[in-house]
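*Asks:* Just a sequence and a predicted model for now, questions to come.
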Amino acid sequence: MPPPSLVAALACEPKLVSKHPALGDFLRWRWPEAAFMTAAGMAEATGLPATTLIRLLALLGYPNFRSFRDAVPRQLRSR
């Protein structure tokens, strides 16, 4: 299932993909799982330290992990 527009845009964000391709790949292919993950679980899945994951999501406009995780079900419902 291809990601909806918001997640797809995040997955293709040049700053994200160039420095952390594993996070871009996760968002591209496994994004529905994020709705059920903790920050630590997503960090483990992407191979990033949790603090780096949180910082990257903040750069993409999410003030905290919960705001990102809450956006995923909204994207699922909007399909």
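*Replies:* Cool, got the structure.
*Asks:* okay, and for this structure, where does confidence drop off?
*Replies:* Within the chain, the ranges that satisfy pLDDT under 70 run 1-8, 10-11, 15-17, 78-79.
*Asks:* Let's check: the centremost residue of it is which one?
*Replies:* Central residue of the chain (Cα atoms, centre = their mean): Leu27, 4.9 Å from the mean position.
*Asks:* Which strand or helix spans it?
*Replies:* helix 21-29 (DSSP states H and E).
*Asks:* Now the helix or strand just after that helix: buried residues?
*Replies:* Proceeding N to C from helix 21-29, the next assigned helix or strand is helix 39-46, under DSSP H and E. Neighbour counts over helix 39-46 (16 or more other Cβ atoms under 10 Å) mark 39, 42-43, 45-46 as buried. Quick note: C-beta positions are derived from backbone N, CA and C, even for glycine.
*Asks:* From the chain's centroid, how far away is helix 39-46?
*Replies:* Counting by Cα atoms, centre = their mean, to the nearest Å, helix 39-46 is centred 10 Å from the centre of its parent chain.
*Asks:* so after it, what's the next helix or strand?
*Replies:* Going down the chain from helix 39-46, the next helix or strand is helix 50-59, by DSSP H and E.
*Asks:* Packing partners of the helix or strand just after that following helix?
*Replies:* As assigned by DSSP H and E, the chain's next helix or strand after helix 50-59 is helix 65-77. Using 3 or more Cβ pairs under 8 Å, 6 or more residues apart in numbering; DSSP states H and E, the elements in contact with helix 65-77 are helix 5-11, helix 50-59.
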